[in-house]
Structure formats: C-alpha cells, structure tokens
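**Q** model this:
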Amino acid sequence: MASLACSADDLRPLLGSVANASAAAEYICSRFDAVSNKFIDTGYAVDNTYLLFSTYLVFAMQLGFAMLCAGSVRAKNTMNIMLTNVLDAAAGGLFYYLFGFALAFGAPSNGFIGQHFFGLSRFPTPSFDYGYFLFQWAFAIAAAGITSGSIAERTQFVAYLIYSSFLTGLVYPIVSHWFWSADGWGSPTRSNNLLFGSGVIDFAGSGVVHLVGAIAVSTTINL
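**A** Residues are numbered from 1 along each chain as shown. Next up, the predicted model:
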C-alpha cells in the first residue's frame, strides 16, 4: 500500500497569516503521517490474515486426500496410508523450503527457473514474506497429494516419499515458476513478450497445480 504524503511546505501557504504557521503545518503533517502509517500497518495485517486464512483452506485439502486414500485401500492399510499423507506434507515442506520456493520464485531469474532464496536465505524481502511462502507451500503439497490416491497400495512407503519430495521440491516449483513468477516465460505480468499477448492466466492453481498432478497421475498409472 502506497503511503500518503504530507508536505509542510505545501501546507504552510494554505494557513495564510496564521501565527506560527510553520509550526502548525509541521504539526498537522506529523499527525497526518502517523495516521497514514496506521492505515499501512492495518492494511498489511488484513492482507496477511486473508493470505494465511487462504493457506489454511488450501492445506485442508490434505484432509480430503487422506480420506480419499483411506477409502481406496483395504482396512488393514488405513493407518499406513494416513501416515503417508502426514509425512507427505512434512517431507514436501522440507524440500520446498530448501529448494522449491527458490526454484519457483527466486527473483531475479530467467524464464525457466528461479535462482535465489535457497533455504529462504535473504528472506523475507519487500516482495515476499513468510505468509506467501506458506501459501505457495500449501499448493505445492496439494499437487503431490493429487497423486496419492492413484498409487495407494502400489508403492513402498519410502519410494512414495522420495517420489513426493521430488515432485514438491523440483517438478512443481519449475512449472509454477513458468506461470506464477513475474520472470516466468508464460507469466501474465511480464512487461514484454507475453505469451499469446496475455500470458497464462491461472485461477487459484486450477491450471498449474492440476496440470502437474494430472501428468504425474497419468505417468504413474502408465508405469
């Protein structure tokens, strides 16, 4: 949010011949700046609250994936598949923290892959905060969770965690960089060379997340 500016030099002529016009102008501007800063702080708090609430909603999708997987396996494997979903989010979070976010949003970068913020080094920045990282992490593990039901009872526990970590820490971040990062080759926020004149306009991850998940599912089934 841009701050509102008040200049005592601009305000002083409006006070005319009022006694202590300079002091009055400076006082009014100081109060104005204080109120403006309060609005900035309030806007920041509201934006982050909304972002974190959205993060929790996306993360709640993991519960749906867990129920889906539990309904896709025999009763004796229910606990195992539920534990898999929990560790899926944990392992995915670790690899997204180490590599994924940097590959997706590490700016400045090229159109294919991000190059900064590995392990969230030099983070947060004026552009990105921890709330944004959590929001993107929730989408990353959702992409991996899409595939969990299709391979239930078909893979070993360790093999699935390796596969999920690879998908969350490498595959999904690169694809999301293409379309969601300002530097991505398909991003609609690029200043030039827009794809099809508009870039890829994705709504709530419906393209990026489900593209990665669907291709991973079809590849797994074919294998």
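**Q** What residues does the residue sitting nearest the centre point of the chain make contact with?
**A** A centroid search over the chain (Cα atoms, centre = their mean) returns Q136, at 2.6 Å, as the residue closest to the centre. Shown in contact with Q136 (Cβ atoms under 8 Å, 6 or more residues apart in numbering): Y96, F101, A104, F105, S176. C-beta: built from backbone N, CA, C; applies to glycine.
**Q** Now, those residues that are in helices?
**A** Using DSSP state H, the members of those that fall within helices are F101, A104, F105, S176.
**Q** Show me which helix runs longest in this structure.
**A** Longest helix in the chain, counting residues (DSSP H): helix 21-59.
**Q** Quick check: next helix or strand after that helix?
**A** helix 61-72 (DSSP states H and E).
**Q** what's the spacing between that next one and its chain's center?
**A** Distance of helix 61-72 from the chain centroid (Cα atoms, centre = their mean, to the nearest Å) equals 23 Å.
**Q** Same check on stretch 149-161?
**A** On Cα atoms, centre = their mean, the centre of stretch 149-161 falls 27 Å from that of its chain.
**Q** Helix or strand with the lowest mean pLDDT in the protein?
**A** helix 8-11 (a mean of 68; mean pLDDT, DSSP states H and E).
**Q** Okay, and the residue nearest to the centre of the chain sits in which element?
**A** helix 130-145.
**Q** Can you list the buried residues in that helix?
**A** 131-145 (16 or more other Cβ atoms under 10 Å).
**Q** Could you turn the buried ones of the ones in helices among the contacts of Q136 into a PyMOL selection?
**A** To isolate the buried subset of the ones in helices among the contacts of Q136 in PyMOL, counting by 16+ other Cβ under 10 Å, use the following:
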select buried, resi 101+104+105+176
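**Q** from the ones in helices among the contacts of Q136, which is closest to G213?
**A** S176 (12.2 Å; Cβ to Cβ).
**Q** Show the contacting residues for the closest one.
**A** A104, Q136, F139, A140, V208.
**Q** That one and S72, how far apart?
**A** Applying Cβ to Cβ, to the nearest Å, the value for S176 to S72 is 27 Å.
**Q** for P188, same thing?
**A** For P188 relative to S72 (Cβ to Cβ), the value is 37 Å.
**Q** residues near N193, how many?
**A** When neighbours are defined as other Cβ atoms under 10 Å, N193 has 8 of them.
**Q** My error: substitute A75 in the last question.
**A** 7.
**Q** And the pLDDT for it?
**A** A75 is assigned a pLDDT of 85 by the prediction.
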